[in-house]
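Undergrad: let's see this in three dimensions:
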Amino acid sequence: MKLAFLALAAFLIGSIPIGQIIAKSRGVDLQNAGSGNIGATNVLRTTGKLPALFTLIGDFAKGMAVVWLAGFFDIGILYQGVVGIIAVLGHNFSIFLKFKGGKGVATSLGVLSIYAPLAALVTVILWLMIVALTRYSSLGAVISFCSLPLSIVLLDSKEKLPIAIIMSIILLVRHRDNIRRLLAGTESRVGRKA
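TA: Reported below is the predicted structural model:
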């Protein structure tokens, strides 16, 4: 019963479209602007730096909140990770946006910040380094999350490895169009206006 409640709460919290709410307050419908994504990168592209920062913080906080809540209910480390993944899926397939949504990078990092803090730190550092070097947010996300299972094995518990693998696969699937554009040389860089 606890797990069912937490799963529902995680999906609903994850579904809150922070970026869309912030952008609409500025008169922008993210689903019809820029890349059509509701995450911070598209908010930056279409609305500006401060709205993008608030989107990043809000999406990150969603992941943190659900994993903290799951830990409070003491459902075990594996199920705590499952609840975190459900929050990411809520962000990716928001009930408030007819099951459309974002890529889940910030929400995944929020989950990891509580679930596996050292691995989260490594993931953020890798992402920032790659974005700084290439100005491709999607490339940073793909490479840093592909490295997540290794970070978990080296810095945390192997018990968390299945969650790390699932999280990485979800992120890769959500970035499949970005990967195609990266390979074709048509991916948009961070900071480029829509």
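Undergrad: so how far is Ile86 from the residue lying farthest from the centre of the chain?
TA: The C-alpha centroid of the chain is most remote from Met1, which lies 26.9 Å away (CA atoms, centre = their mean). The gap separating Met1 from Ile86 is 16 Å, by CB to CB, to the nearest Å. For every residue, glycine as well, the C-beta is placed using N, CA and C.
Undergrad: quick check: longest helix of the chain.
TA: Ordering each helix of the chain by length in residues (DSSP state H) puts helix 49-72 first.
Undergrad: which strands and helices sit next to it?
TA: In terms of contacts (3 or more CB pairs under 8 Å, 6 or more residues apart in numbering; DSSP states H and E), helix 49-72 is packed against helix 2-15, helix 18-25, helix 40-46, helix 77-92, helix 105-115.
Undergrad: pLDDT of the second one, averaged?
TA: Looking back up the chat, that one is helix 18-25. Averaged over helix 18-25, pLDDT sits at 94.
Undergrad: now the third one
TA: The predicted model assigns helix 40-46 a mean pLDDT of 90.
Undergrad: check the longest one too.
TA: Computed over helix 77-92, the mean pLDDT rounds to 97.
Undergrad: again, but for the first one
TA: Confidence over helix 2-15, taken as the mean pLDDT, stands at 95.
Undergrad: kindly confirm my reading that Ala132 is in a strand.
TA: No. Applying DSSP: H, G, I helix; E, B strand; the rest coil, one finds Ala132 to be helix, outside a strand.
Undergrad: hang on, the earlier thing: output the longest helix of the chain as PDB, nothing but the C-alphas.
TA: What follows is helix 49-72 as a C-alpha-only set of coordinates in PDB (Å, rounded to 0.1, in the frame of the first residue of the first chain):
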ATOM      1  CA  LYS A  49      18.300  32.700 -18.400                       C
ATOM      2  CA  LEU A  50      16.300  33.300 -15.300                       C
ATOM      3  CA  PRO A  51      13.300  31.300 -16.300                       C
ATOM      4  CA  ALA A  52      15.600  28.500 -17.400                       C
ATOM      5  CA  LEU A  53      17.300  28.600 -14.000                       C
ATOM      6  CA  PHE A  54      14.000  28.400 -12.100                       C
ATOM      7  CA  THR A  55      13.000  25.500 -14.400                       C
ATOM      8  CA  LEU A  56      16.200  23.600 -13.700                       C
ATOM      9  CA  ILE A  57      15.800  24.100  -9.900                       C
ATOM     10  CA  GLY A  58      12.100  23.100 -10.100                       C
ATOM     11  CA  ASP A  59      12.700  19.900 -12.100                       C
ATOM     12  CA  PHE A  60      15.600  19.000  -9.900                       C
ATOM     13  CA  ALA A  61      13.500  19.500  -6.800                       C
ATOM     14  CA  LYS A  62      10.800  17.200  -8.100                       C
ATOM     15  CA  GLY A  63      13.300  14.300  -8.200                       C
ATOM     16  CA  MET A  64      14.800  15.100  -4.800                       C
ATOM     17  CA  ALA A  65      11.400  15.400  -3.100                       C
ATOM     18  CA  VAL A  66      10.000  12.000  -4.200                       C
ATOM     19  CA  VAL A  67      13.200  10.100  -3.300                       C
ATOM     20  CA  TRP A  68      13.300  11.900   0.100                       C
ATOM     21  CA  LEU A  69       9.700  11.000   0.600                       C
ATOM     22  CA  ALA A  70      10.300   7.300  -0.300                       C
ATOM     23  CA  GLY A  71      13.200   7.300   2.200                       C
ATOM     24  CA  PHE A  72      11.000   8.700   4.900                       C
END
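Undergrad: nothing else from me, thank you.
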